[in-house]
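S.K.: build the 3D model from these lines:
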Amino acid sequence: MSRDFSAAKERLLELQQEYQNRIDKIEDHIYNPQDDLNEHWDDQAISMRDNEMRKTLLVEAKQGLTYVKNALSRIENGTYGECTVCGEDIEEKRLEAVPYATLCMQHAS
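M.R.: Numbers count the residues shown, from 1 in each chain. Next up, the predicted model:
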């Protein structure tokens, strides 16, 4: 029996938009700084620290977007909801919590 993943697909599309918005916003802050780096040395140090934090957040957002896109591809090719290790169905509660999950609870532990 085939499982209906229309709600999961809708949630993944929302997550995709959320991650893309986050990426766009972070990249805008990195490439178009809102502060003047020529003011004071202390301000420059804070700006550099903030920029490093933004770069870390950008990497995390891009990774999340990749997970979401891969999950959407699995929906399209009919493998969404299958554990990549054992091939068994991933528990519905797990997919609700982590819609891009690729492992069942047994193999995720």
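S.K.: tell me the buried residues in stretch 92-99?
M.R.: By 16 or more other CB atoms under 10 Å, the buried positions in stretch 92-99 come out as 94-95, 99. For glycine as for every other residue, the C-beta is placed from the backbone atoms N, C-alpha and C.
S.K.: so which of those is the closest to residue 109?
M.R.: Nearest to residue 109 among those, counting by CB to CB, is residue 94 at 11.2 Å.
S.K.: give the buried residues for the strand or helix carrying residue 22.
M.R.: Using DSSP states H and E, residue 22 sits in helix 6-31. By 16+ other CB under 10 Å, the buried positions in helix 6-31 come out as 8-9, 11-12, 15-16, 19, 22-23, 26, 29.
S.K.: equivalent analysis for stretch 49-65, please.
M.R.: Judged by neighbour count using 16+ other CB under 10 Å, the buried positions of stretch 49-65 are 54, 57-58, 61-62, 64-65.
S.K.: right, and the helix or strand after the helix-or-strand element of the chain with minimal mean pLDDT?
M.R.: The weakest-scoring helix or strand in the chain, judged by mean pLDDT, DSSP states H and E, is helix 41-77 (a mean of 89). Beyond helix 41-77 in the direction of the C-terminus, DSSP H and E gives the next helix or strand as helix 92-97.
S.K.: returning to that earlier point: the least confident helix or strand of the chain vs helix 6-31, what angle?
M.R.: 150 degrees (axes from the mean of the first three to the mean of the last three CA atoms, to 10 degrees).
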